[in-house]
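Colleague: How does the following fold in three dimensions:
(chains A and B)
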Protein chains: 2
Amino acid sequence: MSGHLAVIGLGPGDARCVTPEASGELAAAQALYGYAPYLDRVPVRAGQTRHASDNREERARAAAALRHAALGARVAIVSGGDPGVFAMAAAVCEEIESGPEGWRAVDITIVPGVTAMLAVAARIGAPLGHDFCALSLSDNLKPWELIERRLDAAASAGFVIALYNPISRARPWQFSAAVERLRRHLPASTPVIFGRAVTRPGEQIDVVTLDRADTVAADMATLVIVGSRETRLIARPGKPPLVYTPRAAAEVSA
Amino acid sequence: MSGHLAVIGLGPGDARCVTPEASGELAAAQALYGYAPYLDRVPVRAGQTRHASDNREERARAAAALRHAALGARVAIVSGGDPGVFAMAAAVCEEIESGPEGWRAVDITIVPGVTAMLAVAARIGAPLGHDFCALSLSDNLKPWELIERRLDAAASAGFVIALYNPISRARPWQFSAAVERLRRHLPASTPVIFGRAVTRPGEQIDVVTLDRADTVAADMATLVIVGSRETRLIARPGKPPLVYTPRAAAEVSA
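Modeller: Numbering: from 1, shown residues only, chains lettered A, B, ... in the order given. Model prediction:
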């Protein structure tokens, strides 16, 4: 009766980005857990129960799914993007570590997916073509001073920076503060990409320079990629520009 | 006659990790270009030509595919993992920028895929559950001093580090040197994950501590994830451990 829990990445949104492995695990589950908008992406199946929960309730959702799986059921938790990137896989591990011993006997399968930064990068060229980092701007789970230190370290060492959770109603000033911080290290002309709702209805991609980056409206559906000193823009007549970071880097930046 | 070029991510290897979008673009192409082992993963189709090339010939492969597409053909280049991460999308952009004006008129579609670090992370838990970076250890295209500076910056600021291209026959000492460098910043007990040929025949996952990381045999099919000070290991009776990085970080590390 040890049960099975799959933690499934649905990718950026379009059904054509859901891997066959993810589709197979979704079809095999007896119960689905997840944030309601992600559950809404999954086709309804007879005999499969659905347990929707709110955005902020990752730990409670993980615990509920583990409790259910530990009864011997085949349970799935869905995540947008990849479940291992600022998403449910870490929350499940946290619950297993702190939960009842029996939860360690549950079979865990994590199904990777296309995370937002890869989907946004693909729409615009190859901004992540050289060394890069992924940083959540949410200071719910870490102090703002640590975020600043990481922005400093990444920008000064020449990493391209993908910013997850750039802004929310509860965190209105953090994105502007991050842009301000990055200006200490990077030229005003550095390309900044805003990818909103990529592959979903209302998709929007904007490319601006760092000096204008705090004038773009971002939200929790936006992923921001800040280039390095090497990131370049190729103009194309009648087409959107390509933005990319060359594979070669000649010298230590800054 | 502007043509179409798709740059397609095949994911880590298993066909169940190839997105429907990638499969659709592969089926629609008149000609396929790629490194031979990646081309070998694609089902053969009548009337579709195949142009295999060697590992090191990214620029030449990109140019050949663009030349072909610019004649009005529907051409695809295949990449392992995600084409935007240390792969063909940046090489294609480099060629477009430096090539004939007509190449800017070619329609470019980049199809994202599951990159190696996501596939390895999914096999072991959630090591990338907090801020992380991706760094290529190849010093073919950048000076070793820059790699050292980035290792210093990432480890001291608390990023988990995914190392792509950790070692090759032509670069035998770099991985050990990187491990040595990381020991300046991280405790001997830091978990290090070696994922070799993940989702493919011969898959192997090893978890060791940083003090032993240079004793594991790695190769070009290996992706290495070096934890941060926060990365934890959960022992499970009768099952492999889970390795994860909690979503919360309490203070500035180091």
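Colleague: Just want the residue of the stretch 101-250 of chain A that's nearest chain B.
Modeller: A:Gly129 (2.8 Å; CB to the nearest CB). Every C-beta, even on glycine, is put in place using the N, C-alpha and C of the backbone.
Colleague: Hmm, that residue is touching B:Phe86, no?
Modeller: Yes - between A:Gly129 and B:Phe86 there is a contact under CB atoms under 8 Å: 7.3 Å.
Colleague: got the buried residues for stretch A:68-75?
Modeller: Buried positions in stretch A:68-75, judged by neighbour count with 16 or more other CB atoms under 10 Å in any protein chain shown: A:68-70, A:73-75.
Colleague: In strands, which of these fall?
Modeller: A:74-75 (DSSP state E).
Colleague: Could you export the buried residues of stretch A:68-75 as a markdown table, including distance to A:Gly34 and pLDDT?
Modeller: Formatted as a markdown table, the buried residues of stretch A:68-75 follow (distance: CB to CB, whole Å; pLDDT from 0 to 100):
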| residue | distance to A:Gly34 | pLDDT |
| --- | --- | --- |
| A:His68 | 13 | 98 |
| A:Ala69 | 14 | 98 |
| A:Ala70 | 18 | 97 |
| A:Ala73 | 16 | 98 |
| A:Arg74 | 15 | 98 |
| A:Val75 | 11 | 98 |
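Colleague: Could you work out the most separated pair of the buried residues of stretch A:68-75?
Modeller: Maximum pairwise distance among the buried residues of stretch A:68-75 (CB to CB): 11.9 Å, between A:Ala70 and A:Arg74.
Colleague: list the contacts for A:Gly99?
Modeller: A:63, A:66 (CB atoms under 8 Å, 6 or more residues apart in numbering or on different chains).
Colleague: To clarify, my last question referred to A:Met117.
Modeller: A:128, A:132, A:134, A:162, A:164, A:223, A:225.
Colleague: most neighbours, which of these?
Modeller: Neighbour tally across these (other CB atoms under 10 Å in any protein chain shown): the maximum, 31 neighbours, falls on A:Leu128.
Colleague: what's the nearest residue to that residue if we skip its chain neighbours?
Modeller: Distances taken as CB to CB, 6 or more residues apart in numbering or on different chains place A:Ala121 nearest to A:Leu128, at 4.7 Å, with adjacent residues excluded.
Colleague: How many residues are close by the one you found?
Modeller: 32.
Colleague: coming back round to it: between A:Ala70 and A:Arg74, what contacts are shared?
Modeller: A:Gly3.
Colleague: so A:Trp103, which of the three states?
Modeller: Recorded secondary structure, A:Trp103: helix (DSSP: H, G, I helix; E, B strand; the rest coil).
Colleague: In contact with it, which residues?
Modeller: For A:Trp103, the contact set (CB under 8 Å, 6+ apart) comprises A:66, A:70, A:95-96.
Colleague: Tabulate these (a markdown table), appending secondary structure.
Modeller: As requested, the contacts of A:Trp103 are exported to a markdown table (three-state DSSP):
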| residue | secondary structure |
| --- | --- |
| A:Leu66 | helix |
| A:Ala70 | helix |
| A:Glu95 | helix |
| A:Ile96 | helix |
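Colleague: Of those, which are in range of chain B?
Modeller: Counting by CB under 8 Å from any CB of the partner chain, A:Ile96 from those sit close to chain B.
Colleague: any idea which of the contacts of A:Trp103 is closest to B:Asp211?
Modeller: A:Ile96 (26.3 Å).
Colleague: Which strand or helix spans the closest residue to A:Gly129 other than its chain neighbours?
Modeller: In space, and not counting its chain neighbours, A:Gly129 is closest to B:Ala90: 2.8 Å by CB to CB, 6+ apart. For B:Ala90, the element it lies in under DSSP states H and E is helix B:88-98.
Colleague: Off-centre distance for that helix?
Modeller: With CA atoms, centre = their mean, to the nearest Å as the basis, helix B:88-98 stands 17 Å off its chain's centre.
Colleague: What average pLDDT does it get?
Modeller: For helix B:88-98, mean pLDDT is 98.
Colleague: just the helices in chain A please.
Modeller: For chain A, applying DSSP state H gives helices covering A:20-28, A:36-39, A:58-70, A:88-98, A:116-124, A:144-156, A:174-182.
Colleague: Single out the most deeply packed of those.
Modeller: Compared across those, helix A:116-124 shows the largest average neighbour count, a mean of 28 (mean count of other CB atoms under 10 Å in any protein chain shown).
Colleague: Count the neighbours of the residue lying closest to A:Asp14 once chain neighbours are set aside for me.
Modeller: Of all residues not flanking A:Asp14 in the chain, A:Thr199 sits nearest, at 3.7 Å (CB to CB, 6+ apart). Close neighbours of A:Thr199, defined as other CB under 10 Å, add up to 21.
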